[in-house]
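> no FASTA, just this:
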């Protein structure tokens, strides 16, 4: 089989937290689509319509990246591959600009001290992120991970190294409701994923074109018109797919639970109150939510 390989290195900040990136890609213990081995990750994906695998191996101050695409002689749009890797690693996130003014904050300061340099690992494509966000609506991470695994298995795209690949919009658009339901999606989620897939495949939802300079207001407005997509789904997709760090994840149950602990409150904190607390950290609200997720009191 023909294969195209693209290899390059990306410089990493001195305090880059490779362990966070590795842990994010280790969330599915079955390791059918992502494989973590020591300081390296391999991830199955679709690149320009072909099964592909992106690998990231961490060195002391760099990440060695390799994209291997089946069935072609060369990697289409090598620059896009480099930009994708930078997004996945969170290298465009200005975490120093965020941390500097808040290290002394009475509430946020201890979170930063517990996890300095925290970045949010991104999924390979914005489309994968929005599908993951829909999958995870109102269920646990473990349950969402299991459904995601079954969805990837049902799509049946396998790279030559054995990893299954997260389906691209064209493949998901061809999967019928019965296949999506069999993978564990509810009827409503299956309908939403189908709408997203057709929109991404026909260009009416140009997620990949938006990736490098996301028009956040337009993305929010376009996604909000799709049945089954609410504010949490939009903001989570913006974070994990585009690296947008100012989405308000006040509706996230885990964020509210951690904030309750941080503030030492006995009663549960509402989404409204959480939104008000996060608002003081604009334009970093989603990064603050990530610090709450990562905090273990």
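Arrived safely. Computed from a prediction, not measured in an experiment: that's the story for all the values here.

> CA only for contacts and neighbour counts going forward, please
Fine.

> so where is the chain shaky, pLDDT-wise?
In the prediction, the chain carries no residues with pLDDT under 70.

> any idea which residue of it is furthest from its center?
Ranking residues of the chain by C-alpha distance from their mean position (Cα atoms, centre = their mean) puts residue 266 at the top, at 32.1 Å.

> quick one: that one and residue 260 touch, right?
Yes - contact status for residue 266 versus residue 260: in contact at 7.4 Å, counting by Cα atoms under 8 Å.

> re earlier: now the residue farthest from the centre of the chain: phi and psi?
phi -80, psi -40 (degrees, to the nearest 10).

> dump the residue contacts of it.
Counting by Cα atoms under 8 Å, 6 or more residues apart in numbering, residue 266 touches residue 260.

> check the gap between it and residue 84 for me.
43 Å (Cα to Cα, to the nearest Å).

> distance of residue 65 from residue 42?
10 Å.

> list residues touching both of the two?
With Cα under 8 Å, 6+ apart as the test, residue 65 and residue 42 both reach 54-56.

> can you redo the residues you listed as a markdown table with secondary structure?
Output for these, formatted as a markdown table (DSSP: H, G, I helix; E, B strand; the rest coil):
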| residue | secondary structure |
| --- | --- |
| 54 | strand |
| 55 | strand |
| 56 | strand |
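
> so residue 40 touches residue 22, yeah?
Yes - with contacts counted by Cα under 8 Å, residue 40 reaches residue 22, the gap being 7.4 Å.

> so which of these two has more stuff around it?
Taking other Cα atoms under 10 Å, residue 40 and residue 22 do not tie; residue 22 has more neighbours (21 against 18).

> which residues touch that one?
Residue 22 is in contact with 36, 39-41, counting by Cα under 8 Å, 6+ apart.

> thanks a lot, catch you later.
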